[in-house]
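Q: Please find the sequence and the predicted model below.
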Amino acid sequence: MKPETNIKLQKVLTVIFLILVIATFVTYFLIKETPVIFITIGFTAIGVRIITYLLKHFNK
């Protein structure tokens with residue numbers, strides 16, 4: 001993958017991660033009856049962050 005494409009992909013993944021983190025906090029405080037939604041969004045955010053770190057590590 002080209003370095004320019006890799007940097008753009010990392011920026012997009014970081015923005016997605018931040019949106020998911022905000023969504024996690026919102027669902028935690030607004031939907032207390034079913035924590036499954038909160039947990040799912042939270043783990044998805046963690047997964048996106050792990051993918052970002054792996055891309056940084058393997059594309060040096």
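A: Sure, I can see it. Bear in mind that the values here come from a model prediction, so they are computed numbers and not experimental data.
Q: can you tell me which residues contact T52?
A: Going by C-beta atoms under 8 Å, 6 or more residues apart in numbering, T52 touches Q10, L13, T14, F17. C-beta coordinates here come from the backbone N, C-alpha and C atoms, glycine included.
Q: Which element, helix or strand, includes the second one?
A: Element membership of L13 [criterion: DSSP states H and E] is helix 3-30.
Q: and K32, helix, strand or coil?
A: The three-state label given to K32 by DSSP: H, G, I helix; E, B strand; the rest coil is coil.
Q: Quick one: name whatever helix or strand follows the least confident helix or strand in the chain by mean pLDDT.
A: In the chain, the helix or strand scored least confidently by mean pLDDT, DSSP states H and E is helix 3-30, which has a mean of 91. Later in the chain than helix 3-30, the nearest helix or strand by DSSP H and E is helix 35-58.
Q: Tell me what angle that next one forms with helix 3-30.
A: Inter-element angle recorded for helix 35-58 and helix 3-30: 160 degrees (by axes from the mean of the first three to the mean of the last three C-alpha atoms, to 10 degrees).
Q: hmm, back to that, so which bits of the least confident helix or strand of the chain are buried?
A: Q10, L13, I16, F17, L20, V21, A23, T24, T27 (16 or more other C-beta atoms under 10 Å).
Q: Can you lay out those as a markdown table showing distance to Y53?
A: Formatted as a markdown table, the buried residues of helix 3-30 follow (distance: C-beta to C-beta, whole Å):
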| residue | distance to Y53 |
| --- | --- |
| Q10 | 10 |
| L13 | 10 |
| I16 | 14 |
| F17 | 11 |
| L20 | 15 |
| V21 | 15 |
| A23 | 20 |
| T24 | 18 |
| T27 | 24 |
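Q: which pair in the residues you listed spans the largest distance?
A: Spanning the widest gap among the buried residues of helix 3-30 are Q10 and T27, at 25.7 Å by C-beta to C-beta.
Q: Might you report the residue contacts of the residue most central in space within the chain?
A: By C-alpha atoms, centre = their mean, the mean C-alpha position of the chain lies nearest to F17, the distance being 2.7 Å. Listed by C-beta under 8 Å, 6+ apart, the contact set of F17 reads A45, V48, R49, T52.
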